[in-house]
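1. I'll drop the sequence and a predicted model, then ask my questions.
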Amino acid sequence: MGMTITEKILAAHAGLEHVEPGQLINAKVDLALGNDITAPLAIQEFKKLGVKKVFDPERVVLVPDHFTPAKDIQSAEQAKILREFAREQGLTNYFEIGRMGIEHCLLPEAGLVGPGDLVIGADSHTCTYGALGAFATGVGSTDLAAAMVTGELWFKVPATILFRYHGKLQPWVGGKDLIIYTIGQIGVDGARYMAMEFTGEAVRELSMDGRFTMANMAIEAGGKNGIFAVDEKTKAYIQGRLKRDYRIYASDPDARYAETIDIDVAKIEPQVALPHLPENARSVKEIGEIKIDQVVIGSCTNGRLEDLRIAAQLLRGKKVHPEVRLIIIPGTQKIYAGALAEGLITIFIEAGAAVSTPTCGPCLGGHMGILARGERAVATTNRNFVGRMGHPESEVYLAGPAVAAASAVKGRIAAPEEAI
Amino acid sequence: MLIQGKCHTFGNDIDTDAIIPARYLNTSDPGELARHCMEDADPTFAGRVKAGEIIVAGKNFGCGSSREHAPVAIKAAGVAAVVAASFARIFYRNAINIGLPIFESPAAAAGIAAGDEIKIDAGKGEIVNLTKGETYPVASFPPFMQELIAAGGLMPYVAGKVGGYS
């Protein structure tokens, strides 16, 4: 019986010939990641064990990105725990403010993840790296602590749902629209405990940035991981970045899937997920007049250069609506520099947007754009739960960068064409 | 394992932002987290819940973020166990890893009302609703997870392999 790409990566890291969905395995991890919210707890647990050194100082990655640059004294103390641990352990992959990025934009960009890797991160959006043909999944702080000690972790092999995207994408439709549409189809627990394998000619057409966006939101359907097959675009992306050997795995023709879901992308219009769950997917054209107070373009979901280019296309020569605040957050310093070199930052500033240093900031209601009671935001982020971006009576509408930029100009949720 | 207590009920898809909003994540102090436990789902919960009581919820409890602060906040609030129709995957791992008892039972989630007194018998694989006189089956843990639970969580389990834990 054949195996899926997910099963093959897990089997290889567990030293097994074959694994089955549901099987409990112990597997080696290639990379273990933590941030300024999750790593302090992990470091505390690590220290309780009395172990002196992490399993490999090159494979434990710490990124202070959530409440940084430190928003208050307590956050500064949390970030300091990471900094001191990184120094004490001689970690080669600690990323300081000014040289960092939002972790899931940063790690692929820095060449730390490659095809066939098994990556765990104490952050639920660790599943982003599946775009590179890696198995990557979010865990908690205690799991991270155990992996920092042993370089291994237990996993239950997930069953896989195969998604096949057919047809040609409509204008302004990208990875974000496909994944919101997909979550709308299967629900926020539609892939609970499962692998989501994204295939078909429509996703092969997506850039790597679009694929990162899709894999990123696998968790919003409850998925354990999201994964793409490696192709020429993947190889071009890792070229010059990845410094390690890698191995390409592909699903066997006779691999077993729990389910196969075919999606015709030709009928998918730009999507918006209404409050308060990512499964509340609608076409932007069918939601009517919804006035907004703020737009956020950024995050580990849509803070990459392609996202900023799309936003700039719609903001060039335009002004942000007088009653709207537009906050744009490039995902990494490199993306920021790239946007600067391309003139995108000037377009944003001339349009009346605030541009921030990389941070998760407003996505999780941390800082840099918190919503007041009753306020509404369109955000290219990943969650629209109650209180996610601020006051429990505020609202978040999730969308891609095109709808977000168009909405910033119109002062209400708008289709991209309306802003041209 | 026998756990008996009064129930607080919640709906489906209770996410980790509702369990512990990110605005309180600039600390990992359990006592501080407990003060805001379930705040965006029910702002009165942290003030009402008493040690030994039980949370009962619908499907996909703990969806969203990987923040272990969620089960930590629940445990530190004195909650003895969480019963749900189903759990989101990372919350499930986190709860087992930190030693918060969780039980998956769609029947219990459907049958239990707020204020009901229940008795969870993990050994027998059942939950008895003492208020209503009903009994619901509970899914049992695979042997490896039973080992983790018996050890008191993941770190004590790992400690058994690499040395001490204090």
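-> All right, it came through fine.

2. ok now the lengthiest strand in chain B, how far from the chain's centre?
-> Longest strand of chain B, by residue count under DSSP state E: strand B:2-9. Chain-centre distance of strand B:2-9: 11 Å, with CA atoms, centre = their mean, to the nearest Å.

3. buried residues, it. List them.
-> The neighbour-count check on strand B:2-9 (16 or more other CB atoms under 10 Å in any protein chain shown) flags B:3, B:5, B:6, B:7, B:8, B:9 as buried. All C-beta atoms are positioned from the backbone trio N, CA, C, and that covers glycine.

4. next one: stretch B:153-163
-> B:153, B:154, B:155, B:156, B:157, B:158, B:159.

5. the closest residue to the first one other than its chain neighbours: neighbour count?
-> Which is residue B:153. The spatial neighbour of residue B:153 that comes closest, neighbours along the chain excluded (CB to CB, 6 or more residues apart in numbering or on different chains), is residue B:99 at 4.2 Å. Residues near residue B:99, counting by other CB atoms under 10 Å in any protein chain shown, number 17.

6. residue contacts, residue A:190?
-> Residues near residue A:190 by CB atoms under 8 Å, 6 or more residues apart in numbering or on different chains: A:161, A:183, A:221, A:222, A:279.

7. filter these by proximity to chain B?
-> Here is what survives when these are matched to chain B using CB under 8 Å from any CB of the partner chain: residue A:222.

8. distance to residue A:329 added to the contacts of residue A:190, as JSON lines?
-> Converted to JSON lines, the contacts of residue A:190 look like this (distance: CB to CB, whole Å):
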{"residue": "A:161", "distance to residue A:329": "32"}
{"residue": "A:183", "distance to residue A:329": "23"}
{"residue": "A:221", "distance to residue A:329": "25"}
{"residue": "A:222", "distance to residue A:329": "27"}
{"residue": "A:279", "distance to residue A:329": "25"}
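
9. neighbours around the residue nearest to residue A:75 when sequence neighbours are not counted, how many?
-> Among residues not flanking residue A:75 along the chain, residue A:67 sits closest, at 3.8 Å (CB to CB, 6+ apart). Per other CB under 10 Å, the neighbour tally for residue A:67 reads 27.

10. wait, residue A:67 touches residue B:26, no?
-> Yes. Counting by CB atoms under 8 Å, residue A:67 does reach residue B:26; the two are 5.9 Å apart.

11. for chain B, which segments count as strands?
-> B:2-9, B:54-57, B:81-84, B:102-104, B:117-121, B:126-129, B:134-137.

12. now the stretch 51-200 of chain A
-> Along the stretch 51-200 of chain A, the stretches classed as strands by DSSP state E, counting those that start in this stretch are A:60-63, A:93-94, A:118-121, A:135-138, A:152-156, A:160-166, A:195-199.

13. which of the ones you listed sits closest to residue B:76?
-> strand A:135-138 (22.3 Å; CB to CB).

14. what is the rounded mean pLDDT of the closest one?
-> In this model, strand A:135-138 has a mean pLDDT of 98.

15. how about the nearest residue to the most centrally placed residue in chain A, chain neighbours excluded?
-> In chain A, the centroid-proximal residue (CA atoms, centre = their mean) is residue A:216; its distance is 3.5 Å. Of all residues not flanking residue A:216 in the chain, residue A:128 sits nearest, at 4.2 Å (CB to CB, 6+ apart).

16. so the one you found touches residue A:136, yeah?
-> Yes. Applying CB under 8 Å, one finds residue A:128 in contact with residue A:136, separated by 6.8 Å.

17. so what sits against both of the two?
-> residue A:215.

18. what touches both of residue A:67 and residue B:26?
-> Residues within reach of residue A:67 and of residue B:26 at once, by CB under 8 Å, 6+ apart, are A:75, A:78.

19. ok, of the buried residues of strand B:2-9, which one's closest to residue A:232?
-> Nearest to residue A:232 out of the buried residues of strand B:2-9 is residue B:9 (CB to CB; 52.6 Å).

20. and the gap between the residue lying farthest from the centre of chain A and chain B?
-> In chain A, the residue that sits farthest from the middle, by CA atoms, centre = their mean, is residue A:50; the gap is 33.7 Å. Residue A:50 is 5 Å from chain B, where distance means CB to the nearest CB, to the nearest Å.

21. next one, pLDDT for that residue please.
-> Reading off the model, residue A:50 has pLDDT 88.

22. mind listing the helices for chain B?
-> Taking DSSP state H, the helices of chain B run over residues B:16-19, B:30-34, B:45-48, B:69-76, B:89-98, B:106-111, B:143-151, B:154-162.

23. tell me which other helices or strands the second one touches.
-> Read it as helix B:30-34. helix B:69-76 (3 or more CB pairs under 8 Å, 6 or more residues apart in numbering or on different chains; DSSP states H and E).
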